[in-house]
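# Sharing a model prediction with you, sequence too.
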Amino acid sequence: TPYVAHWFDRSEQGMAMGVFGAGNVGAALNQLVAPVLLVGFGWVLVPQMYAALVVLTLLLFWALSYPSPAPVPAAAHAMTWRRQARLLLEPKVLRYCQYYSVVFGGFVALALWLVLLTAAGAFTLTMGTRQTMGLFLSPMNTSTGLGVGSISLAFAFGQLWWGLTQPFAGAVADRVGTGRVLVAGVVLVALGTFITPFMTSTAGLIFSIGVLAAGGAGMAGPSVLMAATTRLVPAAQRGIATGMVNAGGSFGQFLMAPLAIGLSAAMGWAGAMQVLGLLVLLALPAALVLKGNALQGAPAGQKRLTAREAISEALRLPSFLMLCAGFLVCGFHVAFLATHLPGVIAECGLPPQVGAWALAMIGLFNIFGSFGMGWAVGRWRMKSLLVLVYTTRSIAITLFLLAPKNEVTVLIFAAVMGVSFLS
């Protein structure tokens, strides 16, 4: 910076420093070039290529750059280290140092956390919208007259389709890249949510809620987002990284549930649902950050399994089968609460706002549960933690069934279930 400043008058130094600072676009260029080089040459060769470029730049700068345009004043030669250090006591120097530490340091920190924040943000919108659909079950029943059973069938099919979509979405993301799958998923969630108020038959609700919205949520859901995240962060940080992405979905539920109730009061349930559908589209820019496929995260020389080989290998592992069985029960809990908890609360004679705040409490406390589990997996055995999660749920559900139903017991139950919800 001092070298460039010497060549320009004070009235022109701002522009000169701006052009000099524009060299940071090289970092953006590197984001485009580095993944291609990693796939083409492997991670071992890429640092060597970068080191060679740095040495070449050094030699070119040494040979072709000009000396300072003006001779160095004699006073500068007499400047001692102690006199230079006194500048640190100048208020202006300290103030500008602080400005730069916040602006540039914040930018660097944001770049380091950009992957996690992007994945969590996308999950906030898709999961948050999906988990608040239970608030619309009663208004949909009143509007369509289909009955709770028929509408619940659409939600049940959606839960099934959401689960079935995820392995296929993950396989496609491994081949064509996470970004493209994420775009398709976000668009489908938005479209399915937006057209749901126009559906007046069970088949129509199954199509909008069960096929479009649920399928899109599977494509832009935890399997794809967490796979992209773990591929782009160091192995030692994957536990807390997945916890952060999970917390994004929880925050979405905490944010969207009160928002849905407020929008419903202001513009009706149909308008509220369509607004939530449009909000999902805000997740589209995440595709620009979460690009790349499994090849970019694979170590050099590692054999890449086909989908058939990966499934066959997984099915031979007893631990994998036990995890799937446990996740089946987990999905039952999560889907039931997200879909039917507001209805259960209404049947107990409590106002709809309590149902919304119960879903919000689940989302809020799930943030703590997700971060806590992400921290804990690096310190204790995962199967012991899973036993703790499922035991906590069992006790909470049993006590809730036996307890009197009022606002306090509902919110306490929601908080306890939230801690173990997606952790």
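Here it is on my side, so go on. Residues are numbered from 1 along each chain as shown.
# Excluding sequence neighbours, find me the nearest residue to residue 252.
Nearest non-adjacent residue to residue 252, counting by CB to CB, 6 or more residues apart in numbering: residue 128, 2.3 Å away. C-beta coordinates here come from the backbone N, C-alpha and C atoms, glycine included.
# which SS class is that neighbour?
Under DSSP: H, G, I helix; E, B strand; the rest coil, residue 128 falls in the helix class.
# May I have the residues that are in contact with it?
Contacts for residue 128 (CB atoms under 8 Å, 6 or more residues apart in numbering) come out as 249, 251-256, 363.
# how about a cut-off of 10 Å?
If you count contacts by CB atoms under 10 Å, 6 or more residues apart in numbering, residue 128 has them with 248-257, 259-260, 276, 279-280, 359, 363.
# Can you give me the separation between residue 345 and residue 262?
Residue 345 sits 18 Å away from residue 262, going by CB to CB, to the nearest Å.
# More neighbours: those two, which one.
residue 345 (23 against 13; other CB atoms under 10 Å).
# Please, which helix or strand holds the residue lying closest to the more buried one once chain neighbours are set aside?
Leaving aside its chain neighbours, residue 345 sits nearest to residue 355 (4.4 Å; criterion: CB to CB, 6+ apart). Using DSSP states H and E, residue 355 maps to helix 352-376.
# same question, residue 413
helix 407-419.
# and that helix with helix 352-376, angle?
Helix 407-419 runs at 30 degrees relative to helix 352-376, counting by axes from the mean of the first three to the mean of the last three CA atoms, to 10 degrees.
# Put the alpha carbons of helix 407-419 into CSV.
Only the C-alpha atoms of helix 407-419 are listed here, as CSV (Å, rounded to 0.1, in the frame of the first residue of the first chain):
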residue,chain,number,x,y,z
GLU,A,407,-50.6,-23.0,28.3
VAL,A,408,-47.8,-23.7,30.7
THR,A,409,-47.7,-27.5,30.3
VAL,A,410,-48.0,-27.1,26.5
LEU,A,411,-45.1,-24.8,26.2
ILE,A,412,-42.9,-26.8,28.7
PHE,A,413,-43.7,-29.9,26.6
ALA,A,414,-42.8,-28.1,23.4
ALA,A,415,-39.5,-26.9,24.9
VAL,A,416,-38.5,-30.4,26.0
MET,A,417,-39.5,-31.9,22.7
GLY,A,418,-37.6,-29.1,20.9
VAL,A,419,-34.3,-29.9,22.6
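# Report the buried residues of it.
Neighbour counts over helix 407-419 (16 or more other CB atoms under 10 Å) mark 410-411, 413-419 as buried.
# which residues touch residue 420?
Residue 420 neighbours (CB under 10 Å, 6+ apart): 330, 333, 362, 365-366, 369, 373, 388-394, 396.
# now do residue 165
185, 188, 211, 214-219, 221, 223-224.
# now do residue 388
Contacts of residue 388 (CB under 10 Å, 6+ apart): 373, 376, 380, 420, 423.
# can the residues you listed go into a markdown table with extra columns for pLDDT?
As requested, the contacts of residue 388 are arranged in a markdown table below (pLDDT from 0 to 100):
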| residue | pLDDT |
| --- | --- |
| 373 | 77 |
| 376 | 79 |
| 380 | 80 |
| 420 | 81 |
| 423 | 67 |
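# which one of those sits closest to residue 192?
Nearest to residue 192 among these: residue 423, at 27.7 Å, using CB to CB.
# Where does pLDDT dip in this protein?
1-3, 5, 24-43, 67-79, 102-117, 231-241, 291-307, 378, 422-423 (pLDDT under 70).
# how close does the residue nearest to residue 252 get to residue 415?
18 Å.
# Grab the nearest non-local neighbour of the residue most central in space within the chain.
By CA atoms, centre = their mean, the chain has its centre lying nearest to residue 120, at 1.8 Å. Nearest-residue entry for residue 120: residue 248, 2.7 Å, with adjacent residues in sequence omitted and distances by CB to CB, 6+ apart.
# how close does the one you found get to residue 164?
Counting by CB to CB - residue 248 and residue 164 are separated by 23 Å.
# So for the two, which residue has more residues nearby?
Set residue 248 next to residue 164 and count neighbours by other CB under 10 Å: residue 248 wins out with 26 against 13.
# and that one, what element?
With DSSP H and E as the test, residue 248 turns up in helix 238-280.
# just residue 343 next, same as before
helix 318-347.
# ok, which pair from the contacts of residue 388 is furthest apart?
380 and 420 (15.5 Å).
# so where do the strands sit in the chain?
In the chain, no segments count as strands under DSSP state E.
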